[in-house]
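Enquirer: using only what follows, build the 3D model:
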Amino acid sequence: MENKDLIIRGIRIGEKELEEIKSLVQHHWQQGRTSISKAICQHWNWKQPNGWLKDRACRDMLLTLEKKELITLPPPKQKNKQNKRKPQQQKFLIDTSPCEGSIADYNSLEFSMVRKTSKEGLWNYLVATYHYLGNPVIVGSHLKYLVYLDGQIVACLGWGSAAWRVGSRDSFIGWDQETRKQNLHLVANNVRFLILPWVRVPHLASKIMAKNAKLLVKDWLEFYNVQLLLLETFVDLARFKGTCYKAANWIHVGDTAGSAKSGASYRYHGSSKAVFLYPVHKKFKKLLTR
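Expert: As a prediction, the model looks like this:
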């Protein structure tokens, strides 16, 4: 590897690690890529704070190594095409009657955390149908919420792992590369926020965001055994003004560089977004930089 280590997904890959990967690939070749990634995670004790294997991150690392022609992976397993059926889209009965007026006209605002529950499919359907970016493939830690106003679904929120590198965020926190790597798991990203199109209630979005932030901290600790210190989100100012985040006391710290992570590198796409942060702990800077 030309005597130069690679860093992929926060893991340093040198000659020793590469040989271990090759050995495990060979040993589990017949079982396929999923078995290989799980075996590597177990061998390196590569786990999330709640004990789950980071096998999806490991698969991303393996694909990166294969693209660099450093390893060869077995071909993806394909299902028998004769027995392969197009999956039927699950249908949901949703109350789409207009939800309007003042927020004071309603009695209850409730949140349902649906990750790994029977309602997660409904969240996926709503976000895929009504969000302009569709339903995301969220790698790593994440939670999903449905929001109900007097029993009617009005919004969906999705939270995932923080972006690996954001200049304005890192500068605001006071992160160098090593400290960011060590503490990035203490930050969560608001990857989706959808107010459903039949909902027209002023100030509802900011109230939802403020309440969900508090609930998220509790649920993240229970689900992942991690105490969040800071939340982040990226707002496309060509489409939105970030009004609900500002009203919920999020801080605009700058803009992105207009690039996105692609494998182990970054690809420039030219679409800069506003970076908003929300501290959920009074001593977040001190704790994130120690």
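Enquirer: remind me which residues of the stretch 1-150 of the chain are low pLDDT?
Expert: Scanning the stretch 1-150 of the chain with the threshold set as pLDDT under 70 gives 1-4, 78-90.
Enquirer: now the helices for it?
Expert: Remark: helices assigned in the stretch 1-150 of the chain by DSSP state H, counting those that start in this stretch are 15-27, 33-44, 55-67, 120-130.
Enquirer: mean neighbour count added to the ones you listed, as CSV?
Expert: In this view, the C-beta of every residue, glycine as well, is placed from N, C-alpha and C. CSV is the format used below for the helices of the stretch 1-150 of the chain (neighbours: other CB atoms under 10 Å):
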stretch, mean neighbour count
helix 15-27, 15
helix 33-44, 19
helix 55-67, 19
helix 120-130, 17
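Enquirer: let me have the ones you listed in a markdown table, adding distance to residue 214 as columns.
Expert: As requested, these are arranged in a markdown table below (distance: least, CB to CB, whole Å):
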| stretch | distance to residue 214 |
| --- | --- |
| helix 15-27 | 41 |
| helix 33-44 | 33 |
| helix 55-67 | 28 |
| helix 120-130 | 20 |
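Enquirer: right, and those - which one's nearest residue 9?
Expert: In terms of CB to CB, the element of the helices of the stretch 1-150 of the chain nearest to residue 9 is helix 55-67, at 4.9 Å.
Enquirer: contacts for the closest one?
Expert: Counting contacts by CB atoms under 8 Å, 6 or more residues apart in numbering, the residues outside helix 55-67 that touch it are 6, 8-9, 11, 13, 18, 21, 25, 33-34, 36-38, 40-41, 46, 71-73, 139-140, 263-264.
Enquirer: now swap in stretch 98-106 and tell me
Expert: So stretch 98-106 is contacted by 149, 150, 152, 154, 198, 199, 200, 201, 202, 203, 204, 207 (CB under 8 Å, 6+ apart).
Enquirer: if we use 10 Å, what do you get?
Expert: The list of residues contacting stretch 98-106 from outside it, by CB atoms under 10 Å, 6 or more residues apart in numbering, reads 109, 149-154, 195-196, 198-204, 206-208.
Enquirer: what's the answer for stretch 217-225, then?
Expert: By CB under 10 Å, 6+ apart, the residues outside stretch 217-225 that reach it are 48-52, 111, 113, 115-116, 140-143, 145, 159, 161, 185-186, 188, 212, 216, 226-229, 231, 280-281.
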